[in-house]
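**Student:** kindly generate the corresponding structure for this input.
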Amino acid sequence: MSSLGNQGPEHHGTDWLAVARTLLIQAFVLLALSGAFVLYLRWSSDANWAEFISAGPSPMPDAKDPQPSPVPVQTVRGKAVCERKG
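**Tutor:** Prediction:
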């Protein structure tokens with residue numbers, strides 16, 4: 001009975017078949033993960049695009065009829081944001 005540590009003189013080299021098998025498995029796993037990542041990006045992009053389109057057009061003011069915005073100016077610490085120091 002021979003143990004793994006005490007191999008005979010005919011088995012002292014590198015097992016190239018095992019190395020090739022390991023590299024092939026690693027390449028397959030890398031390819032599968034890359035494919036899954038690309039599919040996730042495509043799915044995520046499609047979902048975001050659908051959400052963007054479903055939001056509808058933004059309410060843009062008409063360039064022919066400029067009117068003041070009904071939205072009040074936001075203030076920071078009691079001062080209007082658009083105030084300039086002078």
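
**Student:** CA only for contacts and neighbour counts going forward, please
**Tutor:** OK.

**Student:** which residue ranges of this protein form strands?
**Tutor:** Applying DSSP state E to the chain gives strands spanning 75-76, 79-80.

**Student:** show the average pLDDT along the first one.
**Tutor:** This means strand 75-76. What strand 75-76 shows for mean pLDDT is 61.

**Student:** again with stretch 50-64
**Tutor:** For stretch 50-64, the mean confidence score works out to 71.

**Student:** and if you look at stretch 16-30?
**Tutor:** Here the average pLDDT along stretch 16-30 is 97.

**Student:** what's the answer for stretch 34-42, then?
**Tutor:** 94.

**Student:** mind listing what's buried in it?
**Tutor:** For stretch 34-42, the neighbour count (16 or more other CA atoms under 10 Å) marks no residue as buried.

**Student:** run through who's touching it.
**Tutor:** Outside stretch 34-42, no residue is within contact range by CA atoms under 8 Å, 6 or more residues apart in numbering.

**Student:** alpha carbons of that stretch, as CSV, please.
**Tutor:** Taking C-alpha atoms only, stretch 34-42 is exported to CSV below (Å, rounded to 0.1, in the frame of the first residue of the first chain):
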residue,chain,number,x,y,z
SER,A,34,-18.8,36.6,-17.2
GLY,A,35,-21.9,35.5,-19.0
ALA,A,36,-24.0,35.9,-15.9
PHE,A,37,-22.6,39.4,-15.3
VAL,A,38,-23.3,40.5,-18.8
LEU,A,39,-26.9,39.1,-18.5
TYR,A,40,-27.4,40.9,-15.2
LEU,A,41,-26.1,44.2,-16.7
ARG,A,42,-28.5,43.8,-19.7
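
**Student:** how much space is there between Ile53 and Arg42?
**Tutor:** To Arg42, Ile53 is 16 Å away according to CA to CA, to the nearest Å.

**Student:** just Leu23 next, same as before
**Tutor:** 29 Å.

**Student:** then Arg21?
**Tutor:** 32 Å.
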